[in-house]
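Chemist: structure for this input, please:
(2 chains)
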Amino acid sequence: NAGVTQTPKFQVLKTGQSMTLQCAQDMNHEYMSWYRQDPGMGLRLIHYSVGAGITDQGEVPNGYNVSRSTTEDFPLRLLSAAPSQTSVYFCASSYGTVGNTIYFGEGSWLTVV
Amino acid sequence: DAKTTQPPSMDCAEGRAANLPCNHSTISGNEYVYWYRQIHSQGPQYIIHGLKNNETNEMASLIITEDRKSSTLILPHATLRDTAVYYCIVRVESAGGTSYGKLTFGQGTILTVHP
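Modeler: Got it, this is the predicted structure:
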């Protein structure tokens, strides 16, 4: 998975805590996005960004915030963690959308207890 | 979203070609077909994508039918490390909204390569 770095790889949170999942890419990609993957399910889009300063909601945005102050970084914030947010989170990026390759990070495993 | 249909599982002998089919009968004219795979719970790995013409890269070949309603991913010489879940995806190319640029992952095909 070239150039998309996620941290942390593993995290355990208590209900109500907040935290930020970091995502960085060094490919000068305009489009970045966050997905979550729950057991036995496909990836669902949380938020996406088409460039610095521009973000929008995906399918399952509730409980998450994002910002895009630079082209390289696209952090995902959990405002008040809930057990339902226990999941694997993937960050992805691509140069554009039409016909472009999307690259994924290795994932961040989050458990909320 | 254009829906894709894949067989839930397939087997392949090591060294043989693996041919993974996908139906996408509702695909629109400007929508691309993408193939990704996921090994255990690692990040999805890009394999190949195409619009109309057949495509080949160092990993695989993609054969798209003339009517674009189906495609086949070909791994020419499967190895044990190719055991994974393979996803055929039609990417939404809408102008915006909650689905912009989204890759819709279905259940995929579990490919098992055996010795």
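
Chemist: hang on, B:Trp35 packs against B:Gln45?
Modeler: No. Proximity of B:Trp35 to B:Gln45 does not meet the contact threshold set by C-beta atoms under 8 Å, at 9.8 Å. Yep, even glycine has a C-beta here, placed from its N, CA and C like the rest.

Chemist: out of the two, which sits in the more crowded spot?
Modeler: When B:Trp35 and B:Gln45 are compared for neighbours, B:Trp35 comes out ahead with 24 against 15, by other C-beta atoms under 10 Å in any protein chain shown.

Chemist: which SS class is that one?
Modeler: Classification of B:Trp35 into helix, strand or coil gives strand, according to DSSP: H, G, I helix; E, B strand; the rest coil.

Chemist: check contacts around it.
Modeler: B:Leu20, B:Cys22, B:Ile47, B:Ile48, B:His49, B:Ala60, B:Leu62, B:Leu73, B:Tyr86, B:Tyr87, B:Cys88, B:Ile89 (C-beta atoms under 8 Å, 6 or more residues apart in numbering or on different chains).

Chemist: in terms of pLDDT, where does the most centrally placed residue in chain A sit?
Modeler: Here the mean C-alpha position of chain A is nearest to the C-alpha of A:Trp34 (C-alpha atoms, centre = their mean), at a distance of 2.9 Å. Model confidence at A:Trp34, expressed as pLDDT, equals 96.

Chemist: residue 11: neighbour count?
Modeler: Using chain A here. A:Gln11 sits with 17 neighbouring residues when counted by other C-beta under 10 Å.

Chemist: my question was about chain B
Modeler: The local packing count at B:Asp11 equals 12, with neighbours defined by other C-beta under 10 Å.

Chemist: the particular helix or strand that has it in it - contacts with which helices or strands?
Modeler: For B:Asp11, the host element (DSSP states H and E) is strand B:9-13. Using 3 or more C-beta pairs under 8 Å, 6 or more residues apart in numbering or on different chains; DSSP states H and E as the contact definition, the elements that strand B:9-13 packs against are strand B:18-23, strand B:109-114.

Chemist: A:Leu21 and A:Phe10 touch, don't they?
Modeler: No. With contact defined as C-beta under 8 Å, A:Leu21 does not count as touching A:Phe10 (11.3 Å).

Chemist: what residues do those two have in common as contacts?
Modeler: Counting by C-beta under 8 Å, 6+ apart, the shared contacts of A:Leu21 and A:Phe10 are A:Ser108.

Chemist: between the two, tell me which one has more neighbours.
Modeler: A:Leu21 (22 against 9).

Chemist: how far away is the more buried one from B:Ile110?
Modeler: 28 Å (C-beta to C-beta, to the nearest Å).

Chemist: please apply the same query to B:Glu66.
Modeler: According to C-beta to C-beta, B:Glu66 stands 29 Å off from B:Ile110.

Chemist: out of the two, which sits in the more crowded spot?
Modeler: With other C-beta under 10 Å as the criterion, B:Glu66 and B:Ile110 differ in neighbour count, and B:Ile110 comes out ahead with 15 against 6.

Chemist: tell me where the model's unsure across the chain.
Modeler: I went with chain A, as the question did not name one. A:1-2, A:97-99 (pLDDT under 70).

Chemist: my bad, the chain I had in mind was chain B
Modeler: Across chain B, residues meeting the criterion (pLDDT under 70) sit at B:1-2, B:92-101.
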